[in-house]
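Visitor: Please find the sequence and the predicted model below.
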Amino acid sequence: MPPPHLRPRRLSRTLAFTGRVFHVDRDRVRLSNGRTTTLDIVRHRGSVVLIPQPSASEVILIRQFRYAINRWVWELPAGTLDPGERPQTAARRECAEEIGWWPRRITKLGAFYPTPGICDEVMIYYRCTGLIRPPRPAAQDLDEQIEPRSFSVRRARALVARGDIVDMKTVVGLGLLRR
């Protein structure tokens with residue numbers, strides 16, 4: 001980490017937007033080179049990305065419509081942390097909500113910032129194994145229309161190579177399975 005005199009210094013902050021999942025701060029910043037600029041930063045609670053594996057050679061992906069890009073995509077299940085929620089708790093909850101299975105074991109594989117130039121969201125990746133049916137079905141979020149499906153890991157990677165999987169968190173997650 002650079003010494004304090006080389007780090008940018010916030011001069012002011014205003015709240016530019018508040019939404020359901022994130023808010024945006026507009027910061028006036030003095031850079032280490034002496035210049036002053038305005039930066040819009042998306043503030044996010046963080047999220048979990050699940051790699052549910054019924055077996056070592058399989059992975060469950062979900063297909064859902066993503067309005068922002070106007071298309072259906074295959075992706076790893078994921079979700080935002082609820083306020084104050086521990087990531088491991090969120091991983092178990094999201095697994096039940098999105099694919100209908102409860103993981104007996106979760107293993108943290110890594111944590112990454114998808115867009116650190118504009119956002120402080122950290123995505124925490126968990127391998128989910130020992131999948132069992134939960135005692136009661138979990139409800140999906142109102143904006144979700146999800147179709148889970150099991151793929152061989154090899155087939156999922158082939159879908160990435162062909163350009164059929166376009167979701168970056170999924171590409172990263174499938175790469176983590178080599179660990």
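Guide: Sure, I can see it.
Visitor: Now the helix ranked longest in the chain - C-alpha only, PDB.
Guide: Among the elements of type helix in the chain, defined by DSSP state H, the one spanning the most residues is helix 87-99. Presented in PDB, the C-alpha positions along helix 87-99 are these (Å, rounded to 0.1, in the frame of the first residue of the first chain):
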ATOM      1  CA  PRO A  87     -21.100 -14.700   3.600                       C
ATOM      2  CA  GLN A  88     -21.300 -18.500   4.500                       C
ATOM      3  CA  THR A  89     -25.000 -18.000   5.600                       C
ATOM      4  CA  ALA A  90     -25.700 -16.200   2.400                       C
ATOM      5  CA  ALA A  91     -24.100 -19.000   0.400                       C
ATOM      6  CA  ARG A  92     -26.400 -21.600   2.000                       C
ATOM      7  CA  ARG A  93     -29.500 -19.400   1.600                       C
ATOM      8  CA  GLU A  94     -28.800 -18.600  -2.000                       C
ATOM      9  CA  CYS A  95     -28.100 -22.200  -2.900                       C
ATOM     10  CA  ALA A  96     -31.500 -23.200  -1.500                       C
ATOM     11  CA  GLU A  97     -33.300 -20.300  -3.200                       C
ATOM     12  CA  GLU A  98     -31.700 -20.500  -6.600                       C
ATOM     13  CA  ILE A  99     -31.200 -24.300  -7.200                       C
END
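Visitor: How far away from the center of its chain is that helix?
Guide: For helix 87-99, the distance from its own C-alpha centre to the chain's C-alpha centre is 12 Å (C-alpha atoms, centre = their mean, to the nearest Å).
Visitor: Likewise for stretch 171-179?
Guide: Counting by C-alpha atoms, centre = their mean, stretch 171-179 comes out at 14 Å from the chain centroid.
Visitor: Just the buried positions in it, please.
Guide: Within stretch 171-179, the residues that qualify as buried by neighbour count (16 or more other C-beta atoms under 10 Å) are 172-174, 177. Just so you know, the C-beta spots here come from the backbone N, C-alpha and C atoms, and that holds for glycine as well.
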